[in-house]
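**Student:** Below is the structure, and that's it, no one-letter string:
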């Protein structure tokens, strides 16, 4: 569970906003929404496909960047 330290004199609203953003980045809010109601098998398949596509997109993007850096450093040695 994410924790937020409240600084002296900090408004509670700002601390709640930081807590909410931490929960959002960790995926807790999405999981709560998902578990709140029944999810049909078709919806489950679509959700998993979307998350896999997003993961693969990021993986592909970062592998291209590292491959481009490696090839540019190899061409500098010539």
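**Tutor:** Thanks, I have the structure now. Predicted model, so just to flag it, every value in this text is computed and none were measured. Residues are numbered from 1 along each chain as shown.
**Student:** From here on, just use CA atoms for contacts and neighbour counts.
**Tutor:** OK.
**Student:** for the protein, which residue is closest to the average position?
**Tutor:** residue 25 (5.5 Å; CA atoms, centre = their mean).
**Student:** Which element, helix or strand, includes that one?
**Tutor:** helix 12-26 (DSSP states H and E).
**Student:** This structure: helices as residue ranges?
**Tutor:** Assigned by DSSP state H, the helices in the chain fall at 12-26, 28-36, 41-77.
**Student:** Show the backbone phi and psi for residue 5.
**Tutor:** Per-residue torsions, residue 5: phi -90, psi 130 (degrees, to the nearest 10).
**Student:** What separation is there between the closest residue to it other than its chain neighbours and residue 55?
**Tutor:** The shortest distance from residue 5 to any non-neighbouring residue, by CA to CA, 6 or more residues apart in numbering, is to residue 15 (7.8 Å). The gap separating residue 15 from residue 55 is 30 Å, by CA to CA, to the nearest Å.
**Student:** I am finished for the moment; much appreciated.
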